[in-house]
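S.K.: Okay, sequence plus prediction incoming.
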2 protein chains.
Amino acid sequence: MGVRATIKINVNDNIYLRDPEQTQLGKKIISKSIDLIDELGFEDFTFKKLANQISSTEASIYRYFENKHNLLVYLLVWYWSWLEYQIDYQTNNIEDTEKQLKIAIRIIAESLSSHSESHFPHINEAALHRIVVSESSKTYYTKSVDDENKFGFFHSYKSLCKKVANMIKAYNSDYPYAHALTSTMLESAHQQIFFSQHLPSLTELKCTDSETSEIIHYLDQLIFRQIKK
Amino acid sequence: MGVRATIKINVNDNIYLRDPEQTQLGKKIISKSIDLIDELGFEDFTFKKLANQISSTEASIYRYFENKHNLLVYLLVWYWSWLEYQIDYQTNNIEDTEKQLKIAIRIIAESLSSHSESHFPHINEAALHRIVVSESSKTYYTKSVDDENKFGFFHSYKSLCKKVANMIKAYNSDYPYAHALTSTMLESAHQQIFFSQHLPSLTELKCTDSETSEIIHYLDQLIFRQIKK
DNA sequence: TTTATTTTAATAGTAAAACTATTATTCTAA
DNA sequence: TTAGAATAATAGTTTTACTATTAAAATAAA
């Protein structure tokens, strides 16, 4: 595969109290919180349980994150940034905006678990993708969303949305709802996976970690039938 | 306006321990919980605070609902049932499936607050609509979703989805994703309102309680461009 | 009308979760 | 080697979620 650069995803420092990437304990907090939120769900996940898992204490985790909500935001911000990086990387040097859009949709819909090699040793990408599917909307459906938005908690998600919306505008500058359609598609990508697995009468799609062609086809159609020239 | 029948929305009795419609205290629990969840958000809402508001006790509320999650489910089930009733009522005797679909979309997108008269004296329909926008997804993004699905917690939502999906199939029987498109549209209807008000860079739409024509137009286009014959 | 019986609600808790003030330890650099 | 800074652990408090038990009110039977 040749030379591989080290990728570092930078997360807005308003989200944490101490940068978890800078210490061993911090990395263990991130790594184990992904496993534990995936296992228990966000509601049953507590700093106490996480502390037990990493043989540390609640108070030590509180020195990194103000509360478990901000830890979840951290994980999501990291995920959206990583997604945007991949879209940048894989659409580089591709002129055709239709091809660009299809690449972006594939990256968004595909479970990271399907990748053969992990880019980050302490991140369980399959578990993180399941967290994105089941927990991501909890980051913004709160009473503090406006304050957190001011602190940049949603910058990476908005940036990702803007990138895809710009592809749509480049494809068809007459379509007036590029951002609305992108956010609809982004949310639908995860919702439909969840529905397929838990409330299957809400969707015809059959989504598994390995079988992603159907959801990709659905999202392709959702986008291109809207923006057809 | 002539004769008006009394409408009673029936909620699956697995969701509550005691039917709140049957007692004065029960009705106060429903009425005040809508106001309080709207005001505080679901995370900061507690049975203790609700008990204070209605001059009762936590333990008394626990005799009606096992926990606050089930109370939220109750409110949402009530809402989806009421929505489906309205769609039934307003599409009755209309043959044209395109017209039927447009009526359904309008009812789904429109804030109930825009109605001039309330059908249920103890239900603040404007507040309930805001709860639907901000809190509804929390009813199913849980680890217990499969168990709750077996108990029929999502029956009314699935039934609403099926009704609209059947309209889509009647309009164009060749479209293969009627349910997926309907659930995408249903979720988008509330998401886009939330984004418009809190994360406006994610959407071009401008949604307010009184101004609903733009979201209706967006959803109309989302559906009909997909299913065009 | 009085007394059982049942229904309904309040009292008074416990257990766990969320969070914090303070102390102890480890690391770094003079 | 030791002072100062950085980091983590101890030991709490407060709040939330939930429940066992008791009390009161309503209804029905005698």
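M.R.: Alright, I've got the coordinates.

S.K.: burial of residue A:173, as a residue count?
M.R.: By other C-beta atoms under 10 Å in any protein chain shown, 10 other residues sit near residue A:173. For every residue, glycine as well, the C-beta is placed using N, CA and C.

S.K.: let me fix that: residue A:229
M.R.: Around residue A:229 there are 7 residues (other C-beta under 10 Å).

S.K.: any idea how far chain B is from it?
M.R.: Distance of residue A:229 to chain B, given as C-beta to the nearest C-beta, to the nearest Å: 13 Å.

S.K.: my guess is that residue contacts residue A:172, does it?
M.R.: Yes - here residue A:229 reaches residue A:172: they are 5.1 Å apart, a contact under C-beta atoms under 8 Å.

S.K.: Which other helices and strands does the strand or helix carrying residue A:104 contact?
M.R.: For residue A:104, the host element (DSSP states H and E) is helix A:97-109. Helix A:97-109 sits against helix A:68-91, helix A:155-171, helix A:178-198, helix A:213-227, with contacts defined as 3 or more C-beta pairs under 8 Å, 6 or more residues apart in numbering or on different chains; DSSP states H and E.

S.K.: any chance of those helices in JSON lines, with distance to residue B:96, mean pLDDT and mean neighbour count too?
M.R.: Converted to JSON lines, the helices and strands packed on helix A:97-109 look like this (distance: least, C-beta to C-beta, whole Å; pLDDT from 0 to 100; neighbours: other C-beta atoms under 10 Å in any protein chain shown):
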{"stretch": "helix A:68-91", "distance to residue B:96": "42", "mean pLDDT": "95", "mean neighbour count": "20"}
{"stretch": "helix A:155-171", "distance to residue B:96": "32", "mean pLDDT": "98", "mean neighbour count": "20"}
{"stretch": "helix A:178-198", "distance to residue B:96": "26", "mean pLDDT": "98", "mean neighbour count": "23"}
{"stretch": "helix A:213-227", "distance to residue B:96": "22", "mean pLDDT": "97", "mean neighbour count": "19"}
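
S.K.: Tabulate these (a markdown table), appending distance to DNA strand D.
M.R.: Formatted as a markdown table, the helices and strands packed on helix A:97-109 follow (distance: least, C-beta to the nearest atom of the strand, whole Å):
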| stretch | distance to DNA strand D |
| --- | --- |
| helix A:68-91 | 13 |
| helix A:155-171 | 25 |
| helix A:178-198 | 21 |
| helix A:213-227 | 34 |
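
S.K.: so which of those gets nearest residue A:125?
M.R.: helix A:68-91 (8.7 Å; C-beta to C-beta).

S.K.: Can I get the closest one as PDB, trimmed to CA atoms?
M.R.: Taking Å, rounded to 0.1, in the frame of the first residue of the first chain, the C-alpha atoms of helix A:68-91 are listed here in PDB:
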ATOM      1  CA  LYS A  68     -21.300  12.300  29.700                       C
ATOM      2  CA  HIS A  69     -23.200  14.400  27.100                       C
ATOM      3  CA  ASN A  70     -20.000  16.300  26.100                       C
ATOM      4  CA  LEU A  71     -18.200  13.000  25.800                       C
ATOM      5  CA  LEU A  72     -20.800  11.800  23.400                       C
ATOM      6  CA  VAL A  73     -20.500  15.100  21.500                       C
ATOM      7  CA  TYR A  74     -16.700  14.500  21.300                       C
ATOM      8  CA  LEU A  75     -17.200  11.100  19.700                       C
ATOM      9  CA  LEU A  76     -19.700  12.400  17.200                       C
ATOM     10  CA  VAL A  77     -17.500  15.400  16.300                       C
ATOM     11  CA  TRP A  78     -14.600  13.100  15.800                       C
ATOM     12  CA  TYR A  79     -16.800  10.900  13.500                       C
ATOM     13  CA  TRP A  80     -18.100  13.700  11.300                       C
ATOM     14  CA  SER A  81     -14.600  15.100  10.900                       C
ATOM     15  CA  TRP A  82     -13.200  11.700   9.900                       C
ATOM     16  CA  LEU A  83     -16.100  11.300   7.400                       C
ATOM     17  CA  GLU A  84     -15.400  14.700   5.900                       C
ATOM     18  CA  TYR A  85     -11.700  13.900   5.700                       C
ATOM     19  CA  GLN A  86     -12.500  10.700   3.800                       C
ATOM     20  CA  ILE A  87     -14.800  12.500   1.400                       C
ATOM     21  CA  ASP A  88     -12.100  15.100   0.700                       C
ATOM     22  CA  TYR A  89      -9.600  12.400   0.200                       C
ATOM     23  CA  GLN A  90     -11.600  10.100  -2.100                       C
ATOM     24  CA  THR A  91     -13.200  12.900  -4.200                       C
END
